[in-house]
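K.L.:
Kindly return the folded structure for what I paste below:
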Amino acid sequence: MTGLRRAIAALGLLASAGCVTASERSASCAIADGDRLWLVGALDNWRASARADLHIDPHPLPDVVTLDAHCTYLLKTGRTDRMTSREHGGQPVLPDGKPVPLGPVSFATGAKDGYFVMSLPTVWHAAGVKSGLGVEGLMDGVLLHEIMHTRQAELAGPQLDTLARANGIGEDDLTDNIVQERFGEDPTYRAAYERERDLLFAAAGAASDAQARSLAREALAALRARRARFFADENAFYEAFDDIFLTMEGMGQWLAYRHYVSPRGGAIDPTTALREVRRDGSQWTQDEGLALILVVDRLLPDWQARAFRDPDWRAEALLAAATGDSQ
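P.N.:
Alright, predicted model coming up:
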């Protein structure tokens with residue numbers, strides 16, 4: 001996923017396609033019942049998760065672009081009564097004129113007047129996507145992860161733009177894997193990252209809060225040591241990217257996990273839910289970020305208010321507060 005631009009896509013269609021008049025849509029565009037039902041449920045999940053887990057109002061919604069094999073649908077501010085549609089002939093085009101692949105896509109543009117894009121379940125099924133959660137279940141988590149990013153845009157977006165401009169990083173190169181792409185082939189860096197990640201997951205699953213806090217302090221020290229060693233001189237700017245993306249991706253993964261273990265997400269047992277959310281662990285900011293936010297959620301009450309209020313309450317500051325570290 002690329003920063004805010006690849007944050008997910010797919011709100012909209014709160015009611016059936018039949019709620020939109022023929023004059024508002026292309027005559028041959030009709031959303032399949034299964035796609036419609038998934039979208040209705042996904043939005044219900046967002047409302048519930050935003051309030052119960054993030055402690056924020058789920059509104060307002062961004063403009064929503066969604067697509068199936070034949071048509072692209074645009075919902076202004078996520079409203080079905082403002083939906084328009086057009087046939088795309090197998091070559092979907094976004095409102096800004098940019099083409100988008102006809103496949104399992106999920107992203108959000110980062111501009112202030114941006115929009116949210118996600119293809120419908122029939123497209124994901126046609127592409128052969130598989131998951132132990134079921135395709136729609138997987139998409140539920142992706143939706144929650146990415147729509148949550150749109151709520152972070154006000155805090156993180158300007159910081160990312162400033163950092164990118166200051167360091168000559170183009171839009172296509174600004175991804176949440178930017179640190180991994182730079183240092184991932186360095187075995188010394190990988191070892192440092194893996195130790196840090198493993199300490200955080202151990203803290204999240206510790207038998208007692210005291211043990212969790214002790215392990216989290218080790219992880220915090222390891223994080224600081226890694227950054228001091230590798231993010232120096234011409235690489236110093238990577239520290240800010242590391243902190244921002246650990247926070248954003250960690251919160252997104254945590255929100256998906258919380259959904260899966262909740263009754264609305266199927267009350268999946270935590271071990272299974274964690275395995276499915278982590279997948280193969282190949283996306284470092286997602287994997288370590290998940291572990292970090294699991295620890296923060298365990299040890300720091302009302303951390304969400306800090307994370308959504310102040311741009312300085314990112315990964316390291318949240319973990320330090322959770323461990324009682326005053327440095």
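K.L.:
dump the residue contacts of L163.
P.N.:
Applying C-beta atoms under 8 Å, 6 or more residues apart in numbering, we find L163 in contact with 169, 237, 240-241, 244. C-beta: built from backbone N, CA, C; applies to glycine.
K.L.:
filter the residues you listed to the buried ones?
P.N.:
Buried members of the contacts of L163, scored by 16 or more other C-beta atoms under 10 Å, are 169, 240-241, 244.
K.L.:
W38: which of those is nearest?
P.N.:
W38 lies nearest to I244 out of those, by C-beta to C-beta, at 30.8 Å.
K.L.:
The closest residue to the closest one other than its chain neighbours - how many residues pack around it?
P.N.:
Of all residues not flanking I244 in the chain, A156 sits nearest, at 5.6 Å (C-beta to C-beta, 6 or more residues apart in numbering). Using other C-beta atoms under 10 Å, A156 has 20 other residues around it.
K.L.:
So A156: helix, strand or coil?
P.N.:
Under DSSP: H, G, I helix; E, B strand; the rest coil, A156 falls in the helix class.
K.L.:
just checking, it touches F241?
P.N.:
No. The pair A156 and F241 does not pass the contact test of C-beta atoms under 8 Å, sitting 10.7 Å apart.
K.L.:
which regions of the stretch 1-150 of the chain sit below the pLDDT cut-off?
P.N.:
In the predicted model, the stretch 1-150 of the chain carries pLDDT under 70 at residues 1-27, 80, 110-114.
K.L.:
I should have written the stretch 201-327 of the chain there, sorry.
P.N.:
Checking the stretch 201-327 of the chain against pLDDT under 70 turns up 326-327.
K.L.:
Now do the strands in this protein.
P.N.:
63-67, 71-75, 83-87, 106-108, 115-119 (DSSP state E).
K.L.:
partner strands of the first one, parallel or antiparallel?
P.N.:
Its sheet considered, strand 63-67 pairs with strand 71-75 (antiparallel), strand 115-119 (parallel) by DSSP bridges.
K.L.:
so of the ones you listed, which one's packed in deepest?
P.N.:
strand 115-119 (a mean of 27; mean count of other C-beta atoms under 10 Å).
K.L.:
Greatest separation within the contacts of L163: which pair is it?
P.N.:
I169 and I244 (12.9 Å).
K.L.:
if we can go back for a sec, nearest to D173 among the strands paired with strand 63-67 would be which one?
P.N.:
Using C-beta to C-beta, the strands paired with strand 63-67 put strand 115-119 closest to D173, at 20.3 Å.
K.L.:
what comes up buried for stretch 37-45?
P.N.:
38-39, 42-43, 45.
K.L.:
Repeat that for stretch 201-212.
P.N.:
201-206, 212.
K.L.:
For that stretch, measure first residue to last.
P.N.:
This stretch, stretch 201-212, spans 9 Å end to end (C-alpha to C-alpha, to the nearest Å).
K.L.:
what does it rub up against?
P.N.:
Against stretch 201-212 from outside (C-beta under 8 Å, 6+ apart): 213-216, 219, 291, 294-295, 298-299.
K.L.:
of the residues you listed, closest to R165?
P.N.:
Distances from R165 to the contacts of stretch 201-212, taken by C-beta to C-beta, are shortest for A291, at 31.1 Å.
K.L.:
Show me where the stretch 1-150 of the chain has its helices.
P.N.:
Shown for the stretch 1-150 of the chain, the helices assigned by DSSP state H, counting those that start in this stretch span residues 33-49, 121-126, 135-166.
K.L.:
Now distance to D287 too, for those, in a markdown table please.
P.N.:
A markdown table is the format used below for those (distance: least, C-beta to C-beta, whole Å):
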| stretch | distance to D287 |
| --- | --- |
| helix 33-49 | 21 |
| helix 121-126 | 23 |
| helix 135-166 | 13 |
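K.L.:
of these, which approaches L75 most closely?
P.N.:
The nearest among the helices of the stretch 1-150 of the chain, by C-beta to C-beta, is helix 33-49 at 10.0 Å.
K.L.:
which of the contacts of L163 lies closest to W124?
P.N.:
After measuring those against W124 - C-beta to C-beta - the closest member comes out as I244, at 28.7 Å.
K.L.:
which residues touch W46?
P.N.:
11, 58, 143-144, 147.
K.L.:
same thing but at 6 Å, please
P.N.:
Neighbouring residues of W46 by C-beta atoms under 6 Å, 6 or more residues apart in numbering: 58, 147.
K.L.:
How many residues are close by the spatially closest residue to H55 that is not a sequence neighbour?
P.N.:
Leaving aside its chain neighbours, H55 sits nearest to Q304 (4.6 Å; criterion: C-beta to C-beta, 6+ apart). When neighbours are defined as other C-beta under 10 Å, Q304 has 17 of them.
K.L.:
Nothing else from me, thank you.
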